[in-house]
Every structure is written in structure tokens, then in C-alpha cells.
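> Below: sequence and its predicted model.
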Amino acid sequence: MPKSIELKKLRNIGVAAHIDAGKTTVTERILYYTGRTHRLGSVDDGTAAMDWKPQEQERGITIVSAATSCFWQNPSDRDASKNDKHQINIIDTPGHVDFTAEVERCMRVLDGVVVVLCGVGGVEAQSETVWHQAERYKIPRVCFINKLDRPGSDVQRVLEDISQRLVANPVLLQLPVYEDEEFVGVIDLLNSNFLYYAEDKLGARYEVKPVPEDRTAEAEQWRQQIIEKTAEEVGWMADKYLADEDIAVSDIKNALREACITNALQPVLCGAALRNRGIQPLIDAVCDYLPSPLEAYSITGNHPETGREVERHAEAHDPFSAMLFKVQSEKHGDLFYLRIYSGKLRARSRVYNPNQDKMEHVQQLYRMHADQREKITEAGAGEIVAAIGLKVSVTGDTLSDKKHPVVFERMDFPNTVVSMAIEPKTQAEKGRLDEALEKLGREDPTFNAGIDKQTGQLIISGMGELHLEIIRDRLLREFNVDANVGEPRVSYRESIRLPITVDAVFNRETDGRGQYASVKMRFEPDKESPHVTFVNEVDPDDCPSHFVRAVERAFRGAVSGPIFGYPLIYIRATLLEAEIHPTDSTEVAFEAAAGQALRKALEDADVMLLEPYMRVEVVVPETNMGDVISYVSTCRGDVKDVESRENLRVIRAQAPLSALFGFASNLRSLTQGRGVYSMEPFDYKQVPKDVLDSIF
């Protein structure tokens, strides 16, 4: 970090949205107006700085998250000078559901998020997903209602969507202004003026005018609403309001900042990024309302040996700690993205990875601008940087000072839902394919490759058809691997319908020594368990903790079911009783007894096959609604809601993934290319018997 930038003026933000809401276009404008780039990039033309992969440029969508830094002089700083700028570290995230893991790992390390919403579409399916990801990590949010230049845009309806669908508390800070149906600027409700953009097509300059006379009463009502909402959430603001004291603009901003950082309120701004309007006030809002690393939170972890809670603060004198949140495969060595939480990290230094219990060598450090690197010698608390030289570290690992180790909570990634067979065209390609798949697996936590035990085929799995299509394209282009691939197929799961209690005894002699363990376990359905979750109800005096941990190890990771060998989910395994031999009981014996108990339970229990269900949102012209609803029904879909938007209809449904292959092309055919859709996984449900017979 340049010495001129104080930690309180650093912002680590993400830009997140539903696909095609304009997220990357917003980021491109931020980079242009802050002087980070010198031309306006276009997603449609494939010239966006943050979409640097060939697949992104060709498809016009973001596939991988990209990091950059820029600097901004905030007008709120009265004593602003050249050396008083804010540094904004930005991560542009994908909007397509197939790449939601990219959003997840970025959310884990951000201090604030700009959520971009379409002025016409409002809160869409992936908008909800990214919002709840931010909610899970308690990240403050600023909303930007984009595309207000389009017919059918409606700020009031988007606000209602935010309140109802996201269960949030939005505060509108701007009103859009139109002249002859053209979006020309916004009314700044806090400063009571009108930011007029029509004269400059690039949007670099705007004119500050008085609020139009016919909008003054409306603007004053909205301004009063801002004051009342902040007074409801901030104590000192409530005192001023109830005492009928004068409330300055600085008071409102300070109260808004306090409420935003605590997630009590979400400031909402307006604009049209493609028309270059409304971006500068958005950058001001990032500086005004989103937290610095000092304000965001102190992070807690655990000591890797004692398990006691350890706290780290965004301060240089705290011991070094960082999280590795992204690995990017490169031709000349992987690139590792780090969020530094405390202390300092220097190039050519050694750090400790407590997850792997290994020392790692950091050869070089870089500040990133998409795929471009700026070499730096040192990085401090609060920064997001990239490093090379690490050998064993993977996504989610913690790096720390060896003398002061800490392990931060890892990220959770969704299960893969689609798989397909792949094989090299020639034996000579096999080595390159194996190496490429290993690199892709290290880079992408939601991509898996393995051998099918029943068929012996090499199977790759991902989050959707597009995900696997991109993987296939990268294998060919980046890794020069020529391979044959099969058709996508669903990744099923197995579970149990009813609870069952079993006893299992492991009693053997190995190399002249006895191995003994006896357990009584209950297995029951549990919708909250992503795999097989272990619970211990045995008193520590009856069974030492190391034997309990051995039982738990039997259920770690993906345990396969007995019908078709798919992973087990939604099962809670409870240790009820344990019998120990004074000399022959070992950890190996208890782990084996637990595995025995699981196999016995699955043999006797009513095991069922589950398939992934998707939440589908389709936007179609009113004239095509009937045909599309009928088509969704033929996909075993259940229509949950139909919403009207001008002459469009939004159909929300749930359907099994296995019936949705080819959905995009069929929808195009039914609507003459005018229908759009999005889908995201949300649950697993039992496969009906008639469908089960047709699948296998």
C-alpha cells in the first residue's frame, strides 16, 4: 500500500449482481473515472478490462473473479489534497449461477459490496443468491439501480423488491430525472441538488443544478424519509431528530455510514452505467458508507493445537495472518490471491500454513489489475494481493506467523450437480489431461474429477452445463489437451427415509495385538446436513475424546451410498454408546466400527435416490406465457409464481435438473429468442419411481 494511503481510507469491495445486470460495465466506469484505465471498455465488444479471459470476451459474461485497485478523491474530505485519496480494491465477480463459488470465496474476504440491480428486472434470482452470500458474512452493502435509461425501469418497484424479496432496509439517496423520456441525471436528496449528465457523452463531467421546481416537494419528502430511517437505527440521530435540532448533511452521512456498517440500512443510488451516468456518486458512496478494514470487523480463528479462540486486528503490529481465497492456474506457476488480515507480508519471506502444517515460501507479491501484475515488495493489514511460490496451499487455507499460528474458518462450497465422461483421444494425451485436471481442481473448488467405480470412466463434475463447457474449452485452449467428452448428466445423491439405530462391534487381531471397539449409533434424516454429520452423546468419562474423533473420521468427506454409489447427504449420525477394552481398543478399531455401523444401517434402512432441483426464473413476453408454462410443466416443473412487469411476465418455478438440459434452446424456440431465464440449485428431492425406472 502506498504510504500516502491511510488504512481508514482503504476500501475492499466486491461488485456483485445477477447476470446481465451491468455489473462489469459499472466496474469499467469506476476504473475509467478514477483514472485507472484511459478508455471505456465494453462487455459487448470484448474490451472490458476485467473480462480478460477469451471465454469471457467471446460470451460477454464474467466467468472468474478479477481484482484491481484504483484511487478516488472523495469530495466529502474537506481538506482533500493529492495525498488524501481513497484506495479502492475492487473484485468483479461473476453473475452466472454456475460460477457462484467465485462469488462465495470473494465474499469471504471483502469488507463491503456494491450490489447492482437492473432497473427493469429488479431483484432477480442470482441477486438473491449474492445478497444472501453477503448476509452470511455480515458484509455491509450499497445498492446501485442500473439501466434506468431503459423503458419499463421503475425505481419504486426495485425498492419494494429489495424490501420484500431480500428482507432488507433500503434507503433511496437519489431520484432519477427524465427529459423527453431520456434519463439525464439524478436528484441528490442529501445535498438537495440535481446532477445533470446530458452534455457530456462520456459522463466524466456533470453539471450541478438546482432541483427542478416540479420535483422539489417530492425530493423533500424522500429526504425526510432518509432522516427518519436513520433516526430509527442510530441513537444519537434519534436524539437530534426528536429534539427538533438542525440536522446537517454531515450528520445524515455519518448516521447513514454507521447504520450501513451495522447492516441496519442499505443506501441505494441510481444510474445507467452503459450511458455513463451516476457512477461518480456511487464511488463517493463507497467511500462515504462502506467500511475500511479498521471498521469492518476483527477476525477470529482458532489456535491449530489448543483450539482456543484467537483474535486478529487490522493492525501492523499484530502477528501476520491472511487467507488464501483464490488460486489461479498460470503457465509459469500458480498465482495465489491473499487477503491480509493483520501484520505485514514481505516478498521473499517464509510463512506458516497451519492447515497443512507446512512452511511456505512467498517469492513475489503483486497488486493485480485483472490479468496484469504490479510487483510490490510488501503488503500490510487490510490489503488484497497476489503471491507466487506457494507449493501446498489451497483455497481456504490460512497463512500465519509460525510463532503465532491461527486457523480461520474455511469457506463452504456447493455440491456439484452435473457431470460428464471425458477421455483423451490418444494415450499420449493422457498425461497432459491428468495434469490439466489437477490444476483445474486446485483452481476451482466446485470442479471435481475422478474415476467412476462402476464404469471405470474418468468423470468430471461441475455446477452446470456452462461450467463444464468452459472447462472443456479451457482444456483445449489453455492446456492444449485434445479429449472426447460425453453428454452432461446429473449428479444424484442418496439418503435415508427413516431413523434407525444399530450396534457394531469390531474385534480382530492384527500382528498379535487385539483391535476392539463397540459402538451403538443412531442414523436419522436431517435436511441441515450437507453430508453425514456426526454428533456425540457419549459422556467423556465413558469414551475418551480421541476415540470419539476416530468415530467422526469415518463420516468425513463424501461417503458413498449403497444403491448406485452416489454421495450420502441429509443424514445425522449420533454416537449413543461406546464400549472400550482396557488394552485392545484403538482409534483404528473405532473408525472401523463406525464404518461398519453405517454400512449396516444403510443395508437395513429405507435408502432413497435424490436428484438436484433448480429454482428457475423465466422472463417472457405476455403472448408466450402459456406456451412457456406448459413447457416448464413438461420438465416436471412446479410453477410457484407469475409476476407482471409491463408487457412481460416473470415465471418462477422449481424443476429437477435432469429435465432441464436443453432448456435454453427450447426457450429461444418458444419465444422467438425474446425469452431469458436463470436457474440456481436449491434442494435435493426424491426421484419418483417412474423416473427412477427410466434413468437406470
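All right, it came through fine. Remember, it's a predicted structure, so these values are computed and weren't measured experimentally.

> show me where pLDDT drops low in this protein?
The model of the chain has pLDDT under 70 over residues 1-5, 43-46, 76-83, 97, 199-201, 297, 453-455, 557-558, 695-696.

> Need the single longest strand in it, by residues.
Identified as the longest strand of the chain according to DSSP state E is strand 607-621.

> tell me what that one is packed against?
Helices and strands touching strand 607-621, by 3 or more C-beta pairs under 8 Å, 6 or more residues apart in numbering; DSSP states H and E, are helix 125-136, strand 493-496, helix 625-634, strand 648-656, helix 663-671, strand 676-686. Glycine gets a C-beta too; all of them are placed from N, C-alpha and C.

> Most tightly packed of those?
With neighbours taken as mean count of other C-beta atoms under 10 Å, the helices and strands packed on strand 607-621 reach their highest mean count in strand 493-496, at a mean of 23.

> CA atoms of it as PDB?
Taking C-alpha atoms only, strand 493-496 is exported to PDB below (Å, rounded to 0.1, in the frame of the first residue of the first chain):
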ATOM      1  CA  ARG A 493     -27.300 -38.200  -4.100                       C
ATOM      2  CA  GLU A 494     -28.600 -40.900  -1.700                       C
ATOM      3  CA  SER A 495     -30.200 -40.600   1.800                       C
ATOM      4  CA  ILE A 496     -32.400 -42.500   4.200                       C
END
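
> returning to that earlier point: okay, buried residues for the longest strand of the chain please.
For strand 607-621, the neighbour count (16 or more other C-beta atoms under 10 Å) marks 607-620 as buried.

> again with stretch 541-561
Buried residues in stretch 541-561, counting neighbours by 16+ other C-beta under 10 Å, are found at 543-544, 547-548, 550-552, 554-555, 559, 561.

> Output those residues in TSV; the columns should cover distance to residue 664.
What follows is the buried residues of stretch 541-561, written out as TSV (distance: C-beta to C-beta, whole Å):
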residue	distance to residue 664
543	54
544	56
547	53
548	49
550	48
551	46
552	43
554	42
555	38
559	35
561	31
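
> Let's see which of these end up in helices.
Those of these mapping onto helices are 547-548, 550-552, per DSSP state H.

> What is the nearest of the residues you listed to residue 234?
Nearest to residue 234 among those: residue 552, at 45.4 Å, using C-beta to C-beta.

> Is the closest one in contact with residue 532, as I believe?
No - counting by C-beta atoms under 8 Å, residue 532 is not a contact partner of residue 552; they are 10.0 Å apart.

> Dihedrals phi and psi, the residue of the chain positioned farthest from its centre?
Ranked by distance from the centre of the chain (C-alpha atoms, centre = their mean), the top residue is residue 512, with 52.9 Å. Residue 512 has phi and psi values of phi 80, psi 0 when expressed as degrees, to the nearest 10.

> wait, what's in contact with it?
Residues near residue 512 by C-beta atoms under 8 Å, 6 or more residues apart in numbering: none.

> Tell me where the stretch 501-650 of the chain has strands.
513-525, 532-536, 571-579, 607-621, 638-645, 648-656 (DSSP state E, counting those that start in this stretch).

> can you put those strands in CSV and add distance to residue 153?
Shown next, in CSV, are the strands of the stretch 501-650 of the chain (distance: least, C-beta to C-beta, whole Å):
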stretch, distance to residue 153
strand 513-525, 46
strand 532-536, 46
strand 571-579, 47
strand 607-621, 14
strand 638-645, 10
strand 648-656, 12
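
> returning to what we had before: greatest separation within the buried residues of stretch 541-561: which pair is it?
Counting by C-beta to C-beta, the most remote pair of the buried residues of stretch 541-561 is 544 and 561, 30.9 Å apart.

> okay, now residue 592: neighbour count?
When neighbours are defined as other C-beta atoms under 10 Å, residue 592 has 18 of them.

> circling back: could you let me know which of the ones in helices among the buried residues of stretch 541-561 ends up closest to residue 474?
Here the nearest of those to residue 474, counting by C-beta to C-beta, is residue 552; it sits at 37.0 Å.

> could you pull out the strands for the stretch 201-350 of the chain?
So, for the stretch 201-350 of the chain - with DSSP E, counting those that start in this stretch - the strands run 207-209, 266-270, 299-302, 309-312, 321-328, 335-342, 344-346, 349-353.

> Same question for the stretch 351-500 of the chain.
Under the criterion DSSP E, counting those that start in this stretch, the stretch 351-500 of the chain contains strands at 358-362, 364-369, 372-376, 378-380, 384-388, 398-400, 418-424, 448-451, 458-462, 483-485, 489-490, 493-496, 500-510.

> Show me the contact partners of the third one.
Yep, that's strand 372-376 we're talking about. Residues outside strand 372-376 that contact it (C-beta under 8 Å, 6+ apart) are 347, 364-368, 385-386.

> sorry, back to before: rebuild the buried residues of strand 607-621 as TSV, extending it with distance to residue 465.
Listed next are these as TSV, based on distance: C-beta to C-beta, whole Å:
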residue	distance to residue 465
607	29
608	26
609	22
610	20
611	16
612	13
613	16
614	12
615	16
616	14
617	17
618	17
619	20
620	21
